[in-house]
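A.B. asks: sequence first, then the predicted structure, then my questions.
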Amino acid sequence: MARSKKSSKKPGSKPASKKTVEEIVKKIKESRAMREREVPADEPEDDEMPALEPSSRKEDFPRIEDEGVPPLEDSEEEGGDDGEDDDEDEGVPSPSVGAAPPSPSEKAEIPKELEVAAMVERTQEFEPIAERPASRHKVLDSYTFLSEAIPVEISILRKEDFVPIYSISIPGIAGGTKLLLETKLRAELISDVKLDITEILDPKKQQMVKAKFQDSAMRVLGRNFAQLPESKMRILASYLIQNTLGLGELETPLHDDFLEEVVVNNSRDPVWVYHKKYGWCKTNLRLKNEERIYDYAALVARKVGRQINILSPLLDAHLPSGDRVNATLFPVSNYGNTLTIRRFSRNPWTITNLIRGKTISPEVAATIWLCVQSELSLVVAGGTGSGKTSFLNALSGLIPANQRIISIEDTRELTLPSFLHWVPMVTREPNPEGKGEVSMLDLMVNALRQRPDRIVVGEVRRQREAEVLFEAMHTGHSVYATLHADNAQQTISRLVNPPINVPEENLDALAGVVVQYRQRRKNVRRTLEFAEVQKMGKLNTIYRWDSKRDVTVKSGNLSSIANTIELYSGLTPREIDAEILEKVSVLNWMVKHGYEAVNEVGSIVSHYYRDPEEVLGAVKRKAKWEF
């Protein structure tokens, strides 16, 4: 470092009136150096950070979350060897090598303005990266899962913030290794794999493409990490493939079954997630820039044959896993590009799942089961995120295996037992030229020509769709659909008023309304109401949830549903009550033995339809069911 010339001014003289910022900073650092000489090496001052050993500086890579934070500068690196600042440094005392430490009187002569500047610099330099005391962090929960082959550790922390922190840690991959994988090795992998872009984007060839990338990733890692065990190499290969074919750092939370949403608001804010237990949480992930968000949105769009750009800044699509994706671009979203991913449940909801989670009581579930068995049409209503589609999936699993089912959705979300006679259909958006659109109405009209026994509709939004839906009910088809409404009365109001505008005379084709409710204060989902629809759309509420006691109470008796079942099945009201009690015992038995998989529940229900005595015998003996 170029030494400054010795000042001719005596200590304590008034400093020059005009000083540059460089002079002030240099004086600050020199005054610090003077104080450091008086502090023993094993007792650093509180506001000083201990220096790293040279070996650790050379080998340690910066952690990913520390990117963008400038390193603390050492005083030896300030200035330069060109000597241009020698004249500017006059008046600033500089200690020479080997000089005796300054006396206390000399330390006291440091100008007061420099002490203030030192305080300001110290605040700016240390506060943003200082860790808060550990006592302020409360661990609410922690668990592990596998993101393909990558082990992931999750901690839910309560810090001095309004929402919990969803902290992601990958113990097998250090920060420096991540940096190497995402740059040099990723480029090597892309050049090593010989595949056409059409093959990579083809959903039907997804497994073949992934297998080729896996083989190439192992070869690339073998060349760069020859001594690494194969188990560790497979972890790195999975991480490399996720950052090449997938959504990079977003792939990790997308493999957590406790999450419902993964949200990117912009590149400045952290990634948010919606946890099934803790609600909205901030994560320790942050996408690098707005271009990275756009790249992920464009990747999703290309895989479904669409595009997102300035002219078309909105995207609704889905991932190969079935997860729904919504993306918007700046300036439509003022703060930056956004990405919202609603996870598709890897373990589809069944009626026993809902009973175990106290979403619905066994009595209400048994009553709805009787309606499904009796081929009565139902509407599942509720607000956004209340669990309408999940309940529709559970309800559809109660359909007999000897009947044909046609499901119609905007995005594939339903998953029924594999042995059912089921034809899933999805709508299609128009291409950039405005051609090729397949609407919900097109699919509903087409479904009536496929001789369905049951029609399952994702959501009813428009008048023409509702007209076709009620026409299907009147022609002998059982229909199950969802609708946005907060209670049973509001459901009827939405059906008979614009934009749906169904005549009240047609509503008696609908047997009942199931209302799902999400209480955000307690973060729970419950079946709020089950009501039967009578003549001219009048309602008879049979069950209602009591929010104070968190129990479902019976508020009425079956009337029009009981009359319809008695008319077509010959069951008396007493026999209907006995049927419901019988089904309650079967449901409780399934919950007790943990039969919650979609194929397990579907198999027992289908056996019950074929030979009820066999199932009831196992229930009475409290025996396990052999699949």
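C.D. replies: Nice, I can see it.
A.B. asks: C-alpha from now on. contacts and neighbour counts both.
C.D. replies: Fine.
A.B. asks: quick one: the helices in the stretch 401-550 of the chain?
C.D. replies: 440-447, 463-474, 488-496 (DSSP state H, counting those that start in this stretch).
A.B. asks: dump those helices to JSON lines, plus mean neighbour count.
C.D. replies: Formatted as JSON lines, the helices of the stretch 401-550 of the chain follow (neighbours: other Cα atoms under 10 Å):
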{"stretch": "helix 440-447", "mean neighbour count": "18"}
{"stretch": "helix 463-474", "mean neighbour count": "18"}
{"stretch": "helix 488-496", "mean neighbour count": "19"}
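A.B. asks: make CSV out of the ones you listed and add mean pLDDT.
C.D. replies: Converted to CSV, the helices of the stretch 401-550 of the chain look like this (pLDDT from 0 to 100):
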stretch, mean pLDDT
helix 440-447, 93
helix 463-474, 91
helix 488-496, 96
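A.B. asks: dump the ones you listed into CSV; add distance to G336 as well.
C.D. replies: Shown next, in CSV, are the helices of the stretch 401-550 of the chain (distance: least, Cα to Cα, whole Å):
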stretch, distance to G336
helix 440-447, 32
helix 463-474, 36
helix 488-496, 35
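A.B. asks: could you check how far I604 is from L587?
C.D. replies: 10 Å (Cα to Cα, to the nearest Å).
A.B. asks: any low-confidence regions in the stretch 101-250 of the chain?
C.D. replies: Counting by pLDDT under 70, the stretch 101-250 of the chain shows low-confidence ranges at 101-136.
A.B. asks: can you pull out the strands in it?
C.D. replies: Applying DSSP state E, counting those that start in this stretch to the stretch 101-250 of the chain gives strands spanning 138-147, 150-158, 165-169.
A.B. asks: which residues in the stretch 401-550 of the chain form strands?
C.D. replies: Going by DSSP E, counting those that start in this stretch, the stretch 401-550 of the chain shows strands at 404-409, 421-426, 454-457, 478-484, 512-519, 524-533, 539-546.
A.B. asks: which one, of those, ends up nearest to D577?
C.D. replies: strand 539-546 (13.3 Å; Cα to Cα).
A.B. asks: what's the following helix or strand after the closest one?
C.D. replies: Counting by DSSP states H and E, the next helix or strand C-terminal to strand 539-546 is strand 551-554.
A.B. asks: pull out the buried residues from that following strand.
C.D. replies: Neighbour-count burial for strand 551-554, counted by 16 or more other Cα atoms under 10 Å, picks out 552-553.
A.B. asks: quick one: list the elements packing against that strand.
C.D. replies: strand 539-546 (3 or more Cα pairs under 8 Å, 6 or more residues apart in numbering; DSSP states H and E).
A.B. asks: tabulate the CA atom coordinates of the strand it packs on in PDB.
C.D. replies: Output of strand 539-546 as PDB, limited to C-alpha atoms (Å, rounded to 0.1, in the frame of the first residue of the first chain):
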ATOM      1  CA  LEU A 539     -83.200 -25.500   0.800                       C
ATOM      2  CA  ASN A 540     -83.500 -27.900   3.700                       C
ATOM      3  CA  THR A 541     -80.200 -27.900   5.700                       C
ATOM      4  CA  ILE A 542     -79.500 -31.400   7.100                       C
ATOM      5  CA  TYR A 543     -76.100 -30.900   8.700                       C
ATOM      6  CA  ARG A 544     -74.200 -27.700   9.700                       C
ATOM      7  CA  TRP A 545     -70.800 -27.200  11.300                       C
ATOM      8  CA  ASP A 546     -70.700 -25.500  14.700                       C
END
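A.B. asks: if we go by neighbour counts, what in it is buried?
C.D. replies: Here strand 539-546 shows 539-545 as buried, counting by 16+ other Cα under 10 Å.
A.B. asks: before we move on, what about stretch 267-279?
C.D. replies: 267, 270-275, 278-279.
A.B. asks: nearest to E459, out of the residues you listed: which one, please.
C.D. replies: Relative to E459, and with distances defined as Cα to Cα, the nearest of those is Y274, at 22.9 Å.
A.B. asks: who's in contact with the closest one?
C.D. replies: 259-262, 280-281 (Cα atoms under 8 Å, 6 or more residues apart in numbering).
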